[in-house]
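>>> Just need the structure, nothing else, for what follows:
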Amino acid sequence: MVGLGMDPMRAIQSATSVAAELLRMEDDIGSVKPGLQADLVAVRGNPLDDVKLLQDVRFVMKAGKVVKEPEDRVSAARTTLTGTRSLRGAGRSRSAACQGPPLRNR
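The predicted structure follows:
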């Protein structure tokens with residue numbers, strides 16, 4: 001859409017909040033607010049400056065669970081937790097500053 005001239009913010013909104021409104025599901029999905037369902041992605045940089053950053057998703061949270069972390073963060077967690085039996089939940093207590101649209105709305 002951006003390649004055809006759409007503003008990056010409008011393109012992101014069309015995949016999230018506008019889509020939720022068209023489906024009449026804006027009370028459940030489409031934005032990041034308390035009580036709504038949201039899947040989040042994070043990229044390195046600002047997708048409003050370069051929408052192609054959304055092609056290299058570094059972090060994914062789906063239904064409140066981290067399903068993809070940046071490789072450098074995973075390596076750091078393994079280094080820090082050497083000798084532990086499990087890395088499950090490592091480093092997940094901190095909130096992530098996410099930019100970009102939800103990966104997929106329900």
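>>> Now do the helices in the protein.
Taking DSSP state H to define them, one finds helices in the chain at 8-15, 17-22, 71-80.
>>> Could you pull up the mean pLDDT of the first one?
This points to helix 8-15. The average pLDDT for helix 8-15 rounds to 92.
>>> same question, the longest one
Over the span of helix 71-80, the pLDDT mean works out to 58.
>>> All the strands of this structure, in order from the start?
Taking DSSP state E as the criterion, the chain contains strands spanning 40-42, 59-62, 65-68.
>>> Under the pLDDT cut-off, which ranges of this structure? List them.
Low-confidence segments of the chain (pLDDT under 70): 74-106.
>>> tally of neighbours for the residue lying closest to Pro70 once chain neighbours are set aside?
Sequence neighbours aside, Arg58 is the residue nearest to Pro70 in space, at 4.5 Å (criterion: CB to CB, 6 or more residues apart in numbering). All C-beta spots, glycine's among them, are computed from the backbone N, C-alpha and C. Arg58 is flanked by 18 other residues according to other CB atoms under 10 Å.
>>> distance of Arg58 from Asp28?
27 Å (CB to CB, to the nearest Å).
>>> Ok, Pro34 next?
Taking CB to CB, one finds Pro34 at 13 Å from Asp28.
>>> Good, wrapping up.
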